[in-house]
Structure formats: structure tokens, C-alpha cells
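Enquirer: Sequence and computational prediction follow.
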Amino acid sequence: MSSRRTRRARAVVTGAGSGIGRAFAVEIARRGGQVLCADIDQDRAHATVEIIERADRGRASAYFCDVSQVDDMRALADRAREYFSGPTSLMINNAGVGIGGRAVGSIGIDDWEWALGINLRGMIYGSELFLPQLQESGTGGLINVASAAAFSAAPGMGAYNVAKAGVLALSETMAAELAGSDVAVTVLCPTFVRTNVAADGRITADAMKLAQTLMRITGRSADQVARQTLDANDRGRLYVLPQLDARIIWLAKRLLPRTYVVGAGLLGRALPTVEPPAQPVVDESFVPEYDMRGI
């Protein structure tokens, strides 16, 4: 049965400073909602709030949050209840970072921990800490932004694949646990969405060039994807695969699993490879950006 849980929602969006997160925040406000725009970059979060205020629809506020830090996420949940004067009714776990271009064995432990901390643990914290508020709200919605990488197993993207597969499993588990309740879980699994995924993150030069090309050819706009995903949550749909190539990969992996793995391996060997560094490299000045979507 269809609901209108995304209309006039009391919504929290992580990674709301740009990309799909900003598109979600703006669309929720357009639907008459209140939005707490959380981001590690407060300037970007404030820019999203300004866009919403100029449109004179809904209500929005910016809030600093590093989703990889559980204390930040607890503070976000407390701030949301205070801002809305009641429980959050729609939680969108969107914040994430891009990483790719190196095979397992040459990724480096630092990059594994960085990617999993933001792309997986951040989703776990957002789901665990906000679910009680969603249940309290009556008709609640939870949207986790994963990627087609959750099931594509593309070579050279091990850290990203593992994190997004975890997000998919988390979403499916919650959907089963909440079946028959008034809280709907939706997981978004796009391939490429037109954001600045290739401009930030820990992506090798060759992988970045490939990402830019594929984004230009197959990418959909963040606005389109956000609207489709919110509509799916209203209808109680679990999976959103917004592009044809994502749906083809989904079916091929299930119908021809062995052939798919062999084909993915051949494709991986045809792409440029990166030799493992002599020593782990840690860039202490690196500040992650949370608008990287859908490789």
C-alpha cells in the first residue's frame, strides 16, 4: 500500500552538502518537509540550506557531522529531535566517499579503514541510532544509499564493493525485521550519477578517467535519482536500481554467476593496474568529501 511518508517529512540527510544528498534535501523541502542537512563540510551544508530557503519551500538547517564517528552520529540524533520538536520521520544515510583503482593486496590498511568507516559504519550508526525515532514517528522511512558496486564485484574496487555490499545486507536485514510495520526501508543502488565523484576521494588517475567517461555516457542526474528513490520509499519498495546497466548487472550476476565472475575478471585484467606502494602512504592532510556516489 502506498504512503506519503516523504511528504511533510521531518528528515535528516547525511552528506547533504552536494551531489545526491543535496538533491534529496532540496526535494524533501519541495515536498513541504523539514530537513536537517548534515555534512562534514559545513559551508556546503549551509549552501544547501540557502538553496532551500531561496525556493521558499520547507525548512532546513545545517549541522556538522562526521558519520564515521559514533559520537557525532549520537549528537546528530539528539539535535534532530530538538530541531523537529519530535522524532525524525525520514532518515537518509547518504554520506559516502569514493575509492578505487587498486587490487586487494595493494589498497593499504589505512584506506580500508577510511572507506569502511565512512561508507559502512556511518550507515550502521545512522540506522541503529535513528530507527527508534522512525518507529516512534508512526509512518517512518529509512533510505540507505548503496551502489551497484554492492553486487557487481568490479575488480579494483574491493574496499568500495565490500562497504556497499554491507549496506545492501544491512538494508535487506532491516526490511525483513520491519516487515509488516509502518517503517519502510529502501536501498539505492545506482551505477553512475552525475556528481563530482571523480574529483574527490582516493581514486587513482586511471580509475578517475574511466569514471568520468562512464559518468558522461551513462550517468543520471542526482535530482532524478532522488525523486525516484523518495517515490519508491513512499510505495514501500526495497530496491531502487535507477539505470538499465545496474539492472542488467543485477540479473546477470544471479542468472549466470560463474560466467559473470569470469567476465568481470577478464575486464579487470584489461584495465590499467597499479602496483602496490613500497610502503603504506597516509596523507594526514586529506579531508574526505561526502558527495561521492555510485561507481
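Expert: Sure thing, it's come through.
Enquirer: Next, count neighbours for Ala75.
Expert: Using other Cβ atoms under 10 Å, Ala75 has 15 other residues around it. In this view, the C-beta of every residue, glycine as well, is placed from N, C-alpha and C.
Enquirer: Tell me if I'm right that it and Phe64 touch.
Expert: No: if you go by Cβ atoms under 8 Å, Ala75 and Phe64 don't touch, sitting 9.2 Å apart.
Enquirer: Show me where the stretch 101-250 of the chain dips below the pLDDT cut-off.
Expert: Filtered on pLDDT under 70, the stretch 101-250 of the chain yields the residue ranges 192-219.
Enquirer: List the buried residues of the lengthiest helix in the chain.
Expert: Using DSSP state H, we find that the single longest helix of the chain is helix 158-177. Neighbour-count burial for helix 158-177 flags 158-168, 170-171, 174-175 (criterion: 16 or more other Cβ atoms under 10 Å).
Enquirer: Could you name the specific helix or strand carrying Pro155?
Expert: Taking DSSP states H and E as the definition, Pro155 sits outside all helices and strands.
Enquirer: Could you report the separation of it from Thr186?
Expert: Note on Pro155: its distance to Thr186, by Cβ to Cβ, to the nearest Å, is 28 Å.
Enquirer: Neighbour count for those two, which is higher?
Expert: Legend: neighbour count by other Cβ under 10 Å for Pro155 and Thr186, higher for Thr186 (24 against 19).
Enquirer: quick one: that one and Val145 touch, right?
Expert: No: assessed by Cβ under 8 Å, Thr186 is found out of contact with Val145, at 9.6 Å.
Enquirer: mind listing the strands for the stretch 151-295 of the chain?
Expert: Along the stretch 151-295 of the chain, the segments classed as strands by DSSP state E, counting those that start in this stretch run 183-188, 193-194, 202-203, 220-221, 239-240.
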